[in-house]
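Visitor: how would this look folded up:
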Amino acid sequence: MPESHRLRVAVIIGSTRNGRFGPTVARWFSARAVRRGDLDVDLIDLAETRLPETLTDQDEAIPPQVRALAPRLAAADAFVIVTPEYNQSFPAPLKTAIDWYYEEWKAKPVTFVSYGRESGGLHAVAQLRQVFTELHAVPIRNTISLPCYWELFAADGSWPRPGADCNSAIKTTLDQLAWWAHALRAARAERPYTT
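Guide: Now for the predicted structure:
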């Protein structure tokens with residue numbers, strides 16, 4: 001496939017907690033996305049980026065960790081946020097990471113892969129939709145929700161088991177994300193998005 005038709009998707013692991021499940025989910029999603037052949041995946045682990053917890057004021061220097069991540073986000077045509085649900089919301093380090101940036105999110109599609117107990121992380125996703133809409137990103141309709149994700153392990157210890165619903169949900173989610181990514185990339189190229 002020509003390079004100009006390929007899309008760059010940033011998959012962001014939103015949890016930094018010890019013992020987190022996010023990397024397992026993100027690796028699964030990324031492997032499935034790459035198999036399509038039209039997507040390049042940039043896996044961003046917030047535990048590795050070490051973004052500062054305290055935001056700077058407008059007249060202060062931007063920390064080097066923030067400057068280092070900015071080009072990766074700016075280069076993305078679409079975003080996938082992998083998030084757990086903590087107390088019916090998403091993790092604080094994810095909110096801090098989102099708030100460090102503005103231009104990088106604008107006029108780009110975003111979807112969510114959430115996990116948790118019975119709700120499957122959908123409370124966190126509802127709040128993230130509001131946050132990304134405020135940043136002029138475009139949350140797409142389809143997401144992947146993983147209620148009681150620990151029940152999706154196969155007998156051999158692999159995740160997810162072959163019959164898990166998420167294996168079929170990912171196709172529709174990726175199809176929608178790619179459609180919006182192409183449409184919005186073309187629109188941004190024709191006319192810069194302004195707020």
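Visitor: Off-centre distance for the helix of greatest length in the chain?
Guide: Counting residues, the longest helix found in the chain (DSSP state H) is helix 166-190. Averaging C-alpha positions (Cα atoms, centre = their mean, to the nearest Å) puts helix 166-190 13 Å from its chain's average.
Visitor: Let me see the mean pLDDT of that helix.
Guide: Taken as a whole, helix 166-190 has a mean pLDDT of 96.
Visitor: can you list the residues that contact it?
Guide: 7, 9, 29, 32-33, 36, 38-39, 77-78, 80, 107-109, 111, 138, 140-144, 146, 152, 160, 193 (Cβ atoms under 8 Å, 6 or more residues apart in numbering). C-beta: built from backbone N, CA, C; applies to glycine.
Visitor: Surely residue 161 is in contact with residue 154?
Guide: Yes: the criterion here is Cβ atoms under 8 Å, and residue 161 meets it with residue 154 at 4.0 Å.
Visitor: before we move on, back to that, quick one, which of the contacts of helix 166-190 are buried?
Guide: Among those, the ones that count as buried by 16 or more other Cβ atoms under 10 Å are 7, 9, 29, 32-33, 39, 77-78, 80, 107-109, 111, 138, 140, 143-144, 146, 152, 160.
Visitor: Okay, and which of the residues you listed map to strands?
Guide: Applying DSSP state E to the buried ones among the contacts of helix 166-190, the entries found in strands are 7, 9, 39, 78, 80, 109, 111, 138, 144, 146.
Visitor: could I get these as a markdown table with distance to residue 52?
Guide: Output for those, formatted as a markdown table (distance: Cβ to Cβ, whole Å):
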| residue | distance to residue 52 |
| --- | --- |
| 7 | 30 |
| 9 | 26 |
| 39 | 31 |
| 78 | 26 |
| 80 | 24 |
| 109 | 28 |
| 111 | 27 |
| 138 | 28 |
| 144 | 30 |
| 146 | 30 |
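Visitor: Looking at those residues, which is nearest residue 21?
Guide: Checking these against residue 21 by Cβ to Cβ gives residue 146 as the nearest, at 8.8 Å.
Visitor: Where does pLDDT dip in the chain?
Guide: 1-4 (pLDDT under 70).
Visitor: Next, the residue lying farthest from the centre of it: phi, psi?
Guide: Outermost residue of the chain with respect to the C-alpha centroid, by Cα atoms, centre = their mean, is residue 59; its distance is 29.4 Å. Residue 59 adopts backbone torsions of phi -90, psi 10, taken as degrees, to the nearest 10.
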